[in-house]
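1. build me a structure from this.
(chains A and B)
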Amino acid sequence: MVRVRFAPSPTGFFHIGGARTALFNWLYARHVGGTFVLRIEDTDRERHVEEATEVILDGMRWLAMDWDEGPGVGGACGPYFQSQRDAIYGEYLDILRKKDKIYEKDGAIYFRVSREPQLIDDLIRGQVYRTEEKDFVIFRSNGTPVFHFVNVVDDVAMEISHVIRGEDHLSNSSKHVELFKAFGAPVPKFAHIPLILKTNGSGKMSKRDEGALVEDYRRKQFLPEALRNYLCLLGWSPKDDREIMPIEEVIRLFDLGDINKNNARFDDKKLAHMNAAYVKNMSMEQFLKKGKTLLPQVEVDEKYIDRVLAICQEKLRSFAELEHFVSYFFDENFAYDGEAKVHLKKHDPAARINEFLAAIENLGDFSEENLEKIVTELAEKYGIKTGDYIHTIRFALSGRTVGPSFYRMMPVMGRERVGKRLKRALEELE
RNA sequence: GUCCCGUUCGUCUAGUCUGGUCCAGGACACAGGAUUUUCAUUCCUGCAACAUGGGUUCGAAUCCCAUACGGGACGCCA
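-> Residues are numbered from 1 along each chain as shown, chains lettered A, B, ... in the order given. A predicted model of the protein is given here:
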């Protein structure tokens, strides 16, 4: 029976590396039909555990990684907060004491190591041997247990079969193996996964780096599916050329032996690309639903909002851009981007707008097709590039140089509003 | 410093276990071009890697060794 766990420490942040560790644990559990345990390692009592735990739980839920045992869901091996497991740690300390494996020094309790090479049987790295040279503290002089101790005790007590964690723990594993043996417990299989390195510079990504936190991506309106998909590919691949793939397919193919050994650098451009692909692949229904959560509260007809959003999907790469794409649809006093205004001067904007105004005056249906036809005709008539009209008029209507399809936005705004805005622009562009 | 892990295009990777089909494939990025409705999209083309040196072998990206480089751990942090 496969039992894996993700055991974060509630620091107040959810590090992207932690999220990837959680993901690989979750993927493996789901792949083999095992149990995924979430355990909170809050041995540091100083911190604001509750809020800090919420950050992690929120991130886990956001990325849709559900746990089978742990906070909120319970389970047979609880409690799942280390701060509530003192009695258990006491029992396990007694086991070591009876076996004469520990001693006290300066008020702290030390564990006696064997000084024999310890086998770390790692599914990713093979058989690694490391010798622990020095006895180490398992209880501080203030009476609180140390990470190495509680981590192993909980893995024993929770019957964890596979320890999947970052490679930074590989060297610690010799301590842990010594402890497993001292308890007379079976030593779990290990899988030390490669670390995520900084996008720029050297070293592993730390919480102070830009984009190191799951919260960052959530705040920047990334789609969780896209982030999760990207994370799957950091150290693992389906072995064919697929990259964007449904999580069910990843679960089907995922295995610990296929994880890479070498560290991976985080590439935000590739993530952005992947996010854009996920945005494009959303159904219109999903897109509208998501879009509405991001719009400021405005008192407008729901149908109008839908029409505005509907013309955005084909060009939107990230929901972070949405507001910039649509805000002027709901605000008659939108501002003109000053820098762009200067650039447009060379297109003789007043002339373009007047020509366009004249052309739409007797236009029959205010439709995408008709509007496109007029611009083409105007360009031909005056010997000007269609782009000059498009640039100028988009700017006049929105104050922006980017946005949804030019021809599609006008019918949504409506003939009257387009006319009004063009006239206002005439004054603005003086 | 000691110990552990790693090393294929700028980046993520396929290929390494089971040596020949790899003068190394895909993706992102970048550069050019085409289409288009400006920005964007889409499409095409291009650029670009087996860390180095020794072995083993008829043959090595693939096996072995050394060196270099990168990463990690050496806390009464987790």
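2. just the strands from chain A, written as ranges.
-> Counting by DSSP state E, one finds strands in chain A at the ranges A:3-6, A:35-38, A:102-105, A:108-111, A:117-122, A:126-131, A:136-139, A:162-166, A:189-193, A:196-197, A:264-265.
3. can I get the ones you listed in CSV with mean neighbour count and distance to residue A:153?
-> Just so you know, the C-beta spots here come from the backbone N, C-alpha and C atoms, and that holds for glycine as well. What follows is the strands of chain A, written out as CSV (neighbours: other Cβ atoms under 10 Å; distance: least, Cβ to Cβ, whole Å):
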stretch, mean neighbour count, distance to residue A:153
strand A:3-6, 24, 13
strand A:35-38, 24, 14
strand A:102-105, 13, 13
strand A:108-111, 19, 12
strand A:117-122, 18, 18
strand A:126-131, 12, 21
strand A:136-139, 20, 9
strand A:162-166, 23, 13
strand A:189-193, 23, 17
strand A:196-197, 22, 28
strand A:264-265, 14, 32
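4. would you format those as a markdown table with distance to residue A:392 included?
-> Listed next are the strands of chain A as a markdown table, based on distance: least, Cβ to Cβ, whole Å:
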| stretch | distance to residue A:392 |
| --- | --- |
| strand A:3-6 | 55 |
| strand A:35-38 | 56 |
| strand A:102-105 | 80 |
| strand A:108-111 | 75 |
| strand A:117-122 | 63 |
| strand A:126-131 | 65 |
| strand A:136-139 | 72 |
| strand A:162-166 | 54 |
| strand A:189-193 | 54 |
| strand A:196-197 | 46 |
| strand A:264-265 | 43 |
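5. would you reformat these as TSV and include mean pLDDT?
-> Putting the strands of chain A into TSV (pLDDT from 0 to 100) gives the following:
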stretch	mean pLDDT
strand A:3-6	98
strand A:35-38	98
strand A:102-105	96
strand A:108-111	97
strand A:117-122	95
strand A:126-131	94
strand A:136-139	97
strand A:162-166	98
strand A:189-193	97
strand A:196-197	95
strand A:264-265	95
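6. how about JSON lines for those strands, with distance to RNA strand B added?
-> JSON lines is the format used below for the strands of chain A (distance: least, Cβ to the nearest atom of the strand, whole Å):
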{"stretch": "strand A:3-6", "distance to RNA strand B": "12"}
{"stretch": "strand A:35-38", "distance to RNA strand B": "14"}
{"stretch": "strand A:102-105", "distance to RNA strand B": "7"}
{"stretch": "strand A:108-111", "distance to RNA strand B": "4"}
{"stretch": "strand A:117-122", "distance to RNA strand B": "8"}
{"stretch": "strand A:126-131", "distance to RNA strand B": "4"}
{"stretch": "strand A:136-139", "distance to RNA strand B": "4"}
{"stretch": "strand A:162-166", "distance to RNA strand B": "8"}
{"stretch": "strand A:189-193", "distance to RNA strand B": "7"}
{"stretch": "strand A:196-197", "distance to RNA strand B": "6"}
{"stretch": "strand A:264-265", "distance to RNA strand B": "3"}
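7. ok, residue A:305 touching residue A:297?
-> No. At 11.1 Å, residue A:305 and residue A:297 do not qualify as touching, with contact defined as Cβ atoms under 8 Å.
8. more neighbours: these two, which one.
-> Shown here are residue A:305 and residue A:297; by other Cβ atoms under 10 Å, residue A:305 has more neighbours (18 against 5).
9. which residues touch that one?
-> A:292, A:295, A:298 (Cβ atoms under 8 Å, 6 or more residues apart in numbering).
10. tell me, how many residues neighbour residue A:155?
-> 25.
11. measure it to residue A:135 for me?
-> Residue A:155 is 21 Å from residue A:135, where distance means Cβ to Cβ, to the nearest Å.
12. same check on residue A:81?
-> In terms of Cβ to Cβ, residue A:81 sits 28 Å off from residue A:135.
13. what's near enough to touch the residue nearest the centre of chain A?
-> The residue lying closest to the centre of chain A (Cα atoms, centre = their mean) is residue A:227, at 4.3 Å. When contacts are counted by Cβ under 8 Å, 6+ apart, residue A:227 is found next to A:63, A:214, A:217, A:271, A:275.
14. who's the residue nearest to residue A:70 when sequence neighbours are not counted bridged to?
-> Leaving aside its sequence neighbours, residue A:70 sits nearest to residue A:38 (Cβ to Cβ, 6 or more residues apart in numbering; 3.1 Å). Counting by DSSP bridges, residue A:38 is bridged to residue A:6.
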